[in-house]
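*Asks:* Give me coordinates for this.
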Amino acid sequence: MSPKVQPSKLLVYIASSFAIVLWGMSYIWTDRLIELNIPVFYFVFVRILLAGLVLFLFNTAYARIKRIQRQDLGKFLLLAFFEPFIYFICETFGLRETGSPTIRAMIIATIPIFSIVAGRLFFKERISKVNVTGVVFSLIGIIMVVMGALSQEALGENFILGILLLLIAVIAEVGHASITKSLSGNYSSQIIVMYQFLIGSIYLFPLFLWKGLDGFNKEVYFSTDVWFPLLCLAILCSSLAFSLWVSTIKNLGVAKSSIFSALIPVAAAIIAWVIGHEVMNDRQWAGIAISTVGVILSQYTRKSKGH
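*Replies:* Next comes the predicted model:
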């Protein structure tokens with residue numbers, strides 16, 4: 001008889017899966033803004049600022065505000081520098097320079113490999129052979145899901161630069177997860193994400209002033225066509241999803257939580273299929289099945305025998 005999953009662990013898995021679904025949906029709302037020719041530095045800055053303010057109001061309403069302790073200030077500054085600042089910029093422009101969402105997805109899917117190393121080095125996280133096998137299965141499944149579109153994509157002129165930017169984004173995400181883990185013992189998820197986004201918006205503000213207001217049109221920028229996806233990105237994909245994700249990192253660790261983040265391209269593909277934007281072939285469905293098995297194996301923990 002298989003051991004029962006602890007309710008707390010089950011809630012963590014549900015929370016992490018919900019965060020991944022929300023991030024998968026973020027591509028739809030981001031694409032909508034890009035189609036309206038809204039500058040990247042405009043909607044990224046507004047998204048991050050709104051997300052921070054929403055969490056500030058939430059924490060204030062429930063009397064959860066906690067000041068940053070002096071010894072943790074450097075960690076919070078570095079946390080926000082890694083993500084949203086470096087990650088969002090390198091991911092966005094990496095995608096533009098490679099010209100391939102598929103290659104972007106494949107490179108971002110390598111996050112678990114770097115995370116296992118970081119978890120082992122900085123937090124002494126134990127990873128079994130079964131967990132490593134799960135990571136390999138997940139990567140194979142993810143590649144199967146995203147490879148179908150590769151042959152139809154035209155690669156960008158600065159392809160190598162794009163690859164480099166995406167690899168920097170991967171390293172920034174691993175750094176973000178590692179610092180989050182180190183802070184999670186002293187701060188709640190909502191407090192960590194609140195400071196992360198408020199500080200991140202300060203980093204992004206000069207870029208917003210520089211390029212975010214290019215071609216500003218009040219009728220377009222303040223229309224529901226722009227503000228509905230912006231609010232969805234800010235509240236659902238940032239305030240809520242990142243708070244759930246910090247809780248996931250706190251409970252599962254850097255390495256095991258990263259497996260879920262690698263599944264964002266899979267979630268995006270399924271959502272696109274559900275709403276009719278994409279057609280899934282048999283190889284992609286097989287990839288989803290294999291990546292699911294991989295996630296299960298990556299989370300397996302052998303219970304120690306006791307009396």
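
*Asks:* Remind me which helix or strand K250 belongs to.
*Replies:* helix 241-252 (DSSP states H and E).

*Asks:* which helices and strands sit right next to that helix?
*Replies:* Where contact means 3 or more C-beta pairs under 8 Å, 6 or more residues apart in numbering; DSSP states H and E, helix 241-252 is packed against helix 7-35, helix 159-183, helix 189-207, helix 254-261. Using the backbone N, CA and C atoms, a C-beta is placed for each residue, glycine as well.

*Asks:* Measure how it sits relative to helix 159-183, angle-wise.
*Replies:* Relative orientation of helix 241-252 versus helix 159-183 (axes from the mean of the first three to the mean of the last three C-alpha atoms, to 10 degrees): 60 degrees.

*Asks:* For the host helix or strand of A118, buried residues please.
*Replies:* Element membership of A118, judged by DSSP H and E, is helix 111-123. For helix 111-123, burial by neighbour count (16 or more other C-beta atoms under 10 Å) applies to I111, P112, I113, F114, S115, I116, A118, G119.

*Asks:* so what's the third one up against?
*Replies:* Yep, that's I113 we're talking about. By C-beta atoms under 8 Å, 6 or more residues apart in numbering, the contact list for I113 reads V135, L139.

*Asks:* likewise the first one?
*Replies:* By C-beta under 8 Å, 6+ apart, the residues touching I111 are V170, E173, V174, S258, S261, A262.

*Asks:* can you tell me which two in these are farthest apart?
*Replies:* V174 and A262 (11.7 Å; C-beta to C-beta).

*Asks:* Just give me the neighbour total for F228.
*Replies:* By other C-beta atoms under 10 Å, 12 other residues sit near F228.

*Asks:* Against Y27, how distant is it?
*Replies:* Separation of F228 from Y27 (C-beta to C-beta, to the nearest Å): 16 Å.

*Asks:* same thing with G215?
*Replies:* Going from G215 to Y27 by C-beta to C-beta gives 23 Å.

*Asks:* mind checking pLDDT for M147?
*Replies:* Looking at M147, its pLDDT stands at 66.

*Asks:* oh sorry, the question was meant for S189
*Replies:* 93.

*Asks:* Please apply the same query to K124.
*Replies:* Reported pLDDT for K124: 69.

*Asks:* now swap in I142 and tell me
*Replies:* On the pLDDT scale, I142 is placed at 69.

*Asks:* any weak-confidence spans in the stretch 51-200 of the chain?
*Replies:* In the predicted model, the stretch 51-200 of the chain carries pLDDT under 70 at residues 99-106, 123-125, 131, 142, 145-156.

*Asks:* Could you rerun that using 90?
*Replies:* Applying pLDDT under 90 to the stretch 51-200 of the chain flags the ranges 63-64, 88-89, 91-167, 170, 173-174, 185.

*Asks:* sorry, back to before: between G215 and Y27, tell me which one has more neighbours.
*Replies:* Taking other C-beta under 10 Å, G215 and Y27 do not tie; Y27 has more neighbours (19 against 10).

*Asks:* Give me the distance between the nearest residue to that one once chain neighbours are set aside and I290.
*Replies:* Nearest non-adjacent residue to Y27, counting by C-beta to C-beta, 6 or more residues apart in numbering: A268, 5.0 Å away. Here the criterion is C-beta to C-beta. By it, A268 lies 17 Å from I290.

*Asks:* Give me the more crowded residue out of the two.
*Replies:* A count of neighbours by other C-beta under 10 Å puts A268 above the other of A268 and I290, at 24 against 18.

*Asks:* my read: that one touches G24, true?
*Replies:* Yes: between A268 and G24 a contact is recorded at 4.1 Å, counting by C-beta atoms under 8 Å.

*Asks:* hey, where'd the helices end up in the stretch 201-307 of the chain?
*Replies:* Per DSSP state H, counting those that start in this stretch, the stretch 201-307 of the chain carries helices over the ranges 218-221, 224-231, 241-252, 254-261, 264-274, 282-298.
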